[in-house]
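In: I would like to see how this sequence folds:
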Amino acid sequence: MKPVIALLGLLLLNGCTSDGSALWTQATAQSGQCPKLTSDQEFSLNLAQNMADEGRLHASLANLESLPDSLGEVRLRKARVLRLLGSN
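Out: Now for the predicted structure:
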């Protein structure tokens, strides 16, 4: 039993020696800025916002799902729509 505890302790200490960088921070740290939206993506975002304003939250979410998650504005609007859907 003692060797198992010692092995688990070493594994835990090994995790503490990592540099702490997470996958989601690596993607944003490479460029330092959000990628520029194309005109089609901007149109889709505006359409999704209009749908959400009209109360068509599921349609808005479906529209946002077609856009890449690497865009910060897409993630923000998805979070807002999901929050509103959860409160109904």
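
In: any idea how far the one helix or strand residue 8 maps to is from the chain center?
Out: Using DSSP states H and E, residue 8 sits within helix 2-16. Its chain's average C-alpha position is 32 Å from that of helix 2-16, according to CA atoms, centre = their mean, to the nearest Å.

In: secondary structure element for the spatially most central residue of the chain?
Out: Ranked by distance to the mean C-alpha position of the chain (CA atoms, centre = their mean), the top residue is residue 75 at 5.4 Å. According to DSSP H and E, residue 75 maps onto helix 72-87.

In: one step back: show the model's pLDDT score for the residue nearest to the centre of the chain.
Out: Note for residue 75: predicted pLDDT of 93.

In: three-state assignment of the nearest residue to it once chain neighbours are set aside?
Out: Nearest non-adjacent residue to residue 75, counting by CB to CB, 6 or more residues apart in numbering: residue 69, 6.1 Å away. Any C-beta I mention is one placed from the backbone N, CA and C, and that applies to glycine too. Using DSSP: H, G, I helix; E, B strand; the rest coil, the structure places residue 69 in coil.

In: Residue 47 too?
Out: Applying three-state DSSP: residue 47 is helix.

In: Correct me if wrong: it contacts residue 63.
Out: Yes. The pair residue 47 / residue 63 is scored as a contact, 5.8 Å apart, by CB atoms under 8 Å.
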